[in-house]
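Enquirer: here is a sequence together with a model predicted from it:
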Amino acid sequence: MLTFIKIAWRNLWRNKRRTLITIASVFLALFLALLMRSMQFGSYEMMKRDAVRNSSGYIQIQAPGYWEDKTIDNTFESSDELYQKVSKAENVSDIIPRLESFALASSGNISKGVGIIGTIPETEAEITKLSNRVVAGTYFKTPADPGILIGEDLAKYLEVDLYDTVTLLSQGYHGSSAAADFQITGILHFPSPEMNRQLIYITLETAQYFFAAPGRLTSYSLLLNDIDDLDETATGLKATVGDGYEIMTWEKMMVEIKQQIDSDNISGMFMLAILYVVVTFGIFGTILMITHERRKEFSVMIAVGMKRQKLSFIVFMETIFIGVIGIAASIVCSIPIVYYFYLNPIPLTGEMADMMLEYNMQPLMPFSNDPSIFVAQSLIVLFLTIIIAFYPFLKIMKFNLIKGLKE
């Protein structure tokens with residue numbers, strides 16, 4: 001067996017030009033596939049990291065009916081017992097308790113509907129890096145800081161600046177009135193223009209006091225250690241917290257982003273399929289030509305006593321060697337490029353950048369260095385190469401020896 005493998009390896013380099021051309025076709029196919037999938041997976045990871053992590057979290061625990069009717073009355077009472085249950089659940093890394101609602105923000109004669117997010121300053125700063133988005137003023141100094149952080153475009157619309165006062169008017173818990181004046185202590189900048197135009201952050205204690213909802217929350221936003229176990233974690237949480245709460249994954253809360261990822265992934269696989277079909281026929285054409293050119297060689301070897309099965313195995317291994325060399329070369333050449341763009345994402349401009357900003361994502365085209373990309377695409381190319389390798393194998397087993405000697 002080892003002898004036949006050595007013969008197959010030596011046969012490859014009897015015609016170096018022909019071998020290198022075939023290897024190049026395998027190399028190019030896998031190289032393009034790796035870059036394409038790395039780019040796609042990098043984009044998906046960024047979507048989940050930016051759009052999901054900085055807004056809803058991967059999973060939210062809510063009161064039943066809150067997602068359909070986001071009013072302050074559809075809140076739940078937080079407790080240390082509930083918090084401990086959730087924090088100890090498998091795969092949960094962080095919890096962000098929030099109280100969110102809507103209000104009318106006004107300054108002078110200017111008013112605008114805004115979203116109010118009450119959160120724990122230290123937790124929000126540590127997990128979503130909200131403190132890094134402060135472009136003027138200061139972040140919350142204490143858990144009960146009475147100031148507000150306002151999006152920069154909203155501040156411009158209301159014609160207010162640092163330390164100016166904004167009046168918030170809303171409806172509190174169980175129909176109580178909620179109205180108060182707040183001083184702007186910080187101005188925020190978000191990648192998303194929508195968030196810049198609509199959001200105001202206040203501390204959780206201040207929000208609960210303002211909405212007359214002490215100890216109540218609209219959600220626990222959860223971050224996970226492994227987002228691949230999203231559904232299993234959600235199922236486990238449902239059993240942990242009981243039926244008095246609603247468990248929602250980001251895929252249900254952010255349907256547009258999920259659909260965008262799915263549609264882009266399908267289009268990417270379709271493009272890969274086209275690429276692999278073209279390259280498969282290219283490799284097959286080369287192997288077909290090689291097999292035809294070597295018919296007389298095969299006939300002579302069989303005539304002097306070489307068994308067809310052994311000769312077929314040698315040619316089969318030659319094709320496999322070509323595929324393996326092309327795969328190895330593609331991986332070696334693509335890893336540095338993928339890693340470079342993983343560390344230095346490609347900046348986007350124009351309509352593509354605007355679209356990503358609308359989804360609260362940075363206008364970048366990152367790459368993913370997930371090993372599964374290299375493994376999956378390499379196995380696909382190897383599988384195609386094995387299928388192609390069966391052609392000369394079967395041809396040698398069936399071709400006419402007399403005709404072959406006369407060529």
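Expert: In hand now; what should we look at? Bear in mind that the values here come from a model prediction, so they are computed numbers and not experimental data.

Enquirer: count of neighbours near Lys48?
Expert: 20 (other Cβ atoms under 10 Å). C-beta: built from backbone N, CA, C; applies to glycine.

Enquirer: what's the separation between the closest residue to it other than its chain neighbours and Tyr44?
Expert: Using Cβ to Cβ, 6 or more residues apart in numbering and skipping residues adjacent in sequence, the residue nearest Lys48 is Ile227, 6.4 Å away. Distance, Ile227 to Tyr44, using Cβ to Cβ, to the nearest Å: 10 Å.

Enquirer: so the residue nearest to Lys48 makes contact with Met47?
Expert: No: when contacts are counted by Cβ atoms under 8 Å, Ile227 is not listed as touching Met47 (11.4 Å).

Enquirer: now the strands for the stretch 201-350 of the chain?
Expert: 216-217, 219-224, 246-249, 346-347 (DSSP state E, counting those that start in this stretch).

Enquirer: which one of these is the most hemmed in?
Expert: Most buried of these by mean neighbour count (mean count of other Cβ atoms under 10 Å) is strand 219-224; its value is a mean of 24.

Enquirer: which residues are in contact with stretch 371-391?
Expert: Applying Cβ atoms under 8 Å, 6 or more residues apart in numbering, the contact partners of stretch 371-391 are 26, 29-30, 33-34, 37-38, 41, 276, 279-280, 283-284, 287-288, 291, 315-316, 319-320, 322-324, 326-327, 330-331, 334-335.

Enquirer: how distant is that stretch from the center of its chain?
Expert: 24 Å (Cα atoms, centre = their mean, to the nearest Å).

Enquirer: could you give the average pLDDT over it?
Expert: Mean per-residue pLDDT for stretch 371-391: 86.

Enquirer: check which residues of it are buried.
Expert: Within stretch 371-391, the residues scored as buried using 16 or more other Cβ atoms under 10 Å are Ile373, Phe374, Gln377, Ser378, Ile380, Val381, Leu382, Leu384, Thr385, Ile388, Ala389, Tyr391.

Enquirer: re the thing from before, mind checking which of the strands of the stretch 201-350 of the chain is nearest Ala353?
Expert: strand 346-347 (8.0 Å; Cβ to Cβ).

Enquirer: show me what the top helix by length along the chain is packed against.
Expert: The residue-count maximum for a helix in the chain (DSSP state H) belongs to helix 255-293. With contacts taken as 3 or more Cβ pairs under 8 Å, 6 or more residues apart in numbering; DSSP states H and E, helix 255-293 sits against helix 16-46, helix 250-253, helix 371-398.

Enquirer: try 7 Å this time
Expert: Applying 3 or more Cβ pairs under 7 Å, 6 or more residues apart in numbering; DSSP states H and E, we find helix 255-293 packed against helix 16-46, helix 371-398.

Enquirer: what residues of the longest one count as buried?
Expert: By neighbour count, with 16+ other Cβ under 10 Å as the criterion, the buried positions of helix 16-46 are 19, 22-23, 25-44, 46.

Enquirer: what do you get for stretch 264-281?
Expert: By 16+ other Cβ under 10 Å, the buried positions in stretch 264-281 come out as Gly268, Leu272, Leu275, Tyr276, Val279, Thr280.

Enquirer: outside of it itself, list whatever touches it.
Expert: Ser25, Ala29, Leu32, Ala33, Met36, Arg37, Gln40, Ile380, Leu384, Ile388 (Cβ atoms under 7 Å, 6 or more residues apart in numbering).

Enquirer: nearest to Leu348 among those?
Expert: Taking Cβ to Cβ as the measure, Leu348 lies nearest Gln40 of the contacts of stretch 264-281, at 14.5 Å.

Enquirer: now that closest one: how far from Ile261?
Expert: For Gln40, the distance to Ile261 - Cβ to Cβ - is 9 Å.

Enquirer: the lengthiest strand in the chain - contacts with which helices or strands?
Expert: In the chain, taking DSSP state E as the definition, the longest strand is strand 92-107. Applying 3+ Cβ pairs under 7 Å, 6+ apart, one finds that strand 92-107 contacts helix 80-87, strand 110-119, helix 121-127, strand 165-171, helix 204-210, strand 216-217, strand 219-224.

Enquirer: which residues touch the shortest one?
Expert: Yep, that's strand 216-217 we're talking about. Against strand 216-217 from outside (Cβ under 7 Å, 6+ apart): Thr75, Phe76, Glu77, Ser78, Pro97, Arg98, Leu99, Tyr173, Gln208.

Enquirer: again, but for the fourth one
Expert: Residues outside strand 165-171 that contact it (Cβ under 7 Å, 6+ apart) are 72, 101-107, 148, 158, 160, 177-184.

Enquirer: list the strands paired with it, with their directions.
Expert: According to DSSP bridges, strand 165-171 forms sheet pairs with strand 92-107 (antiparallel), strand 177-188 (antiparallel).

Enquirer: and the first one with strand 219-224, angle?
Expert: In this case it means strand 92-107. Interaxial angle, strand 92-107 versus strand 219-224 (axes from the mean of the first three to the mean of the last three Cα atoms, to 10 degrees): 140 degrees.

Enquirer: now do the buried residues in strand 92-107.
Expert: Result for strand 92-107 [16+ other Cβ under 10 Å]: buried residues Val92, Asp94, Ile95, Ile96, Pro97, Arg98, Leu99, Glu100, Ser101, Ala103, Ala105, Ser107.

Enquirer: now the last one
Expert: Judged by neighbour count (16+ other Cβ under 10 Å), strand 177-188 contains these buried residues: Ala178, Phe182, Ile184, Thr185, Gly186, Ile187, Leu188.

Enquirer: just the pLDDT for the last one.
Expert: Just to be clear, that refers to Leu188. For Leu188, the model assigns a pLDDT of 92.

Enquirer: okay, and the beta partners of it?
Expert: Val134, Gly151.

Enquirer: check contacts around it.
Expert: Per Cβ under 7 Å, 6+ apart, neighbours of Leu188: Arg133, Val134, Val135, Leu149, Ile150, Gly151, Glu152.

Enquirer: can you pick the most crowded of the residues you listed?
Expert: Result: Ile150 is most packed of the contacts of Leu188 (other Cβ under 10 Å), 30 neighbours.
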